[in-house]
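Novice: Fold the stuff below for me.
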Amino acid sequence: IQKPLVRVSEDEKGELASAEFSGLIGGELLRRFRVIFDYGNGIMILESNEHLAEPDEFDMSGITFSYESPGFEILKVDGVRKNSPATRAGLAAGDIVTAIDGKPASKYNTNQLRKMFRQNGRRLLLEIRRGNKLFRTGILLRRLV
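Specialist: Numbers count the residues shown, from 1 in each chain. Now for the predicted structure:
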């Protein structure tokens, strides 16, 4: 696999801060294979599928999101990467995304968001709640280096 994307945790607290945890290879890598677990022999078998040669794209906004509330209705900005489109758009950790291109953020599932934020050159209009203030900002997605 050419240039696989992985996430190496630098977290000092939370679920990604465990000494037993180094990082994530993620579903984007594993979806390129039929994954077979042979529990009796303690092995995992990977058989390539039609997705093997597809490029490994990452988020092109610089935003890390999480859903809050039991029903996943609140899309929260957890972090913003420096010098990213999110920085240029004025986003900050703690912001709540209320809508994307005029559609309530709660209407998007995780897979839809991943696909949406991986489109180089796409411009999105985000409606943001920061404390008691509401504002709109545009974000132009691009590959992050």
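
Novice: quick one: low-confidence ranges for the protein?
Specialist: 1, 3-9, 14-17, 21, 23-27 (pLDDT under 70).

Novice: Which helix runs longest in it?
Specialist: Secondary structure assigned by DSSP state H gives helix 110-116 as the longest helix of the chain.

Novice: Residues contacting that one, please?
Specialist: Contacts to helix 110-116, defined as Cβ atoms under 8 Å, 6 or more residues apart in numbering, come from residues Asp59, Phe65, Tyr67, Leu75, Ile100, Tyr108, Arg122, Leu124. Quick note: C-beta positions are derived from backbone N, CA and C, even for glycine.

Novice: buried residues in that helix?
Specialist: Neighbour counts over helix 110-116 (16 or more other Cβ atoms under 10 Å) mark Leu113, Arg114, Met116 as buried.

Novice: What of stretch 42-59?
Specialist: Using 16+ other Cβ under 10 Å as the burial criterion, the residues of stretch 42-59 that qualify are Asp59.

Novice: can you give me the end-to-end distance of that stretch?
Specialist: From its first residue to its last, stretch 42-59 covers 33 Å (Cα to Cα, to the nearest Å).

Novice: again with stretch 96-112
Specialist: One end of stretch 96-112 sits 18 Å from the other (Cα to Cα).

Novice: Use 270 as the first number for this chain going forward.
Specialist: Sounds good: first residue 270 from here, last item stretch 365-381.

Novice: May I see the buried residues of it?
Specialist: Ile365, Val366, Thr367, Ala368, Ile369, Ala374, Ser375, Tyr377.

Novice: Thr367 is in contact with the last one, correct?
Specialist: This means Tyr377. No - between Tyr377 and Thr367 there is no contact, the gap being 11.8 Å when judged by Cβ atoms under 8 Å.

Novice: what touches both of those two?
Specialist: In terms of Cβ under 8 Å, 6+ apart, Tyr377 and Thr367 are both contacted by the residues Leu344.

Novice: Identify the residues contacting Gly371.
Specialist: Here Gly371 is in contact with Leu394 (criterion: Cβ under 8 Å, 6+ apart).

Novice: Take the contacts of helix 379-385 and keep only those in helices.
Specialist: Short answer: those have none in helices (DSSP H).
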